[in-house]
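**Student:** next comes the sequence, and after it the predicted model I'd like to discuss.
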There are 2 protein chains.
Amino acid sequence: MPNNRKQEYDCPIRDVLDRIGDAWTVLILMELSRGACRFNALRRVVDGISQRMLAVTLRNLERDGLVTRQVLETSPPQVEYALTQRGVSLRAAIDTLSDWAQANQTDIRASRAEYDLAKAD
Amino acid sequence: MPNNRKQEYDCPIRDVLDRIGDAWTVLILMELSRGACRFNALRRVVDGISQRMLAVTLRNLERDGLVTRQVLETSPPQVEYALTQRGVSLRAAIDTLSDWAQANQTDIRASRAEYDLAKAD
DNA sequence: CCGAATCCGGTTGGATACTG
DNA sequence: CAGTATCCAACCGGATTCGG
């Protein structure tokens, strides 16, 4: 039920988190923000992503208008993905979170270590 | 492998997304930002959350130093949760994302509808 | 080269029942 | 009141295979 109920309320922040909360979307977004990229090129650089998840993630991004998909008429055909303007603006919003993450990561790690230690009494 | 590999790289943004990417953390964070709250009070207001997930989520938040857990010496004992300073700052970062979500949600919905329609040809 | 379809093991999280 | 423990169904995503 967790995934069905996600869209149960009309909560915009949930929409975004459902998109970027998974393991790969943010990585792909970051990679594409460095410039357009083809499928297998992405696959090599994202490192560890399966073909399936790359396809699924890109399709979702395209569906939300965050990424464009352009088929190049080469032989064999190639497909180039690029951020839309909306995608760029999302990336900027994510950067805020990323900044927070970097600024607080050592403190958070310390808190976790302390917490785990206290539990191991 | 997706969950084991999450922490594989030392990527701070992943740390944050692993925390707030789930269904409940953000909702609880938002609720606590309105003031301290007890367990069952949270449970009532968050609406739809199971007892188990509320406990798990709160424990994770506490572990990261985002939330404090204070046992009140009443009878029966009550437990009050509140945001830490760090929790407040995270909420601020999330607000940026939330603003983006609100600003773009109608466009995104439109994109999705258009995409789905094009697929149903 | 790009992707969809199928299969299937591991994780997630709800329901329920039980403690301090 | 505030959790923990157990059980189990649903989902997610990797591996593999096949199509355009």
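**Tutor:** Thanks, I have it. Numbers count the residues shown, from 1 in each chain, chains lettered A, B, ... in the order given.

**Student:** from what I see, residue A:36 and residue A:80 are in contact.
**Tutor:** Yes: counting by C-beta atoms under 8 Å, residue A:80 is a contact partner of residue A:36 at 5.1 Å. In short, each C-beta sits where N, CA and C put it, glycine included.

**Student:** count the neighbours of the closest residue to residue A:100 other than its chain neighbours for me.
**Tutor:** Closest residue to residue A:100 apart from its sequence neighbours, by C-beta to C-beta, 6 or more residues apart in numbering or on different chains: residue B:93 at 3.9 Å. Neighbours of residue B:93 under the rule other C-beta atoms under 10 Å in any protein chain shown: 20.

**Student:** start and end of stretch A:42-61, how far apart?
**Tutor:** In stretch A:42-61, first residue to last residue: 14 Å (C-alpha to C-alpha, to the nearest Å).

**Student:** list of residues touching that stretch?
**Tutor:** Here stretch A:42-61 makes contact (C-beta atoms under 8 Å, 6 or more residues apart in numbering or on different chains) with A:19, A:22-25, A:27-29, A:31-32, A:37, A:39, A:67, A:69, A:81, A:87, B:1, B:5, B:8.

**Student:** so which bits of it are buried?
**Tutor:** A:42-43, A:46, A:49, A:53-54, A:57-58, A:60-61 (16 or more other C-beta atoms under 10 Å in any protein chain shown).

**Student:** what do you get for stretch A:64-77?
**Tutor:** So stretch A:64-77, judged by 16+ other C-beta under 10 Å, has buried residues A:64-67.

**Student:** kindly provide the distance from the residue of chain A found nearest DNA strand C to residue A:57.
**Tutor:** Nearest residue of chain A to DNA strand C, counting by C-beta to the nearest atom of the strand: residue A:40, 2.9 Å away. Here the criterion is C-beta to C-beta, to the nearest Å. By it, residue A:40 lies 15 Å from residue A:57.

**Student:** residues in contact with the residue lying closest to residue A:99 once chain neighbours are set aside?
**Tutor:** In this structure, residue A:99 finds its nearest non-sequential neighbour in residue B:93, 7.6 Å apart by C-beta to C-beta, 6+ apart. Residues counted as contacts of residue B:93 (C-beta under 8 Å, 6+ apart) are A:96-97, A:99-100.

**Student:** next, the angle helix A:85-119 makes with whichever strand or helix holds residue B:93.
**Tutor:** Assessed by DSSP states H and E, residue B:93 sits inside helix B:85-119. With axes from the mean of the first three to the mean of the last three C-alpha atoms, to 10 degrees defining the directions, helix B:85-119 sits at 140 degrees from helix A:85-119.

**Student:** near DNA strand C at all, helix B:85-119?
**Tutor:** No: judged by C-beta under 7 Å from any atom of the strand, helix B:85-119 stays clear of DNA strand C, getting no closer than 9.1 Å.

**Student:** quick check: residue A:81 touching residue A:40?
**Tutor:** No: judged on C-beta under 8 Å, residue A:81 makes no contact with residue A:40 at a distance of 11.2 Å.
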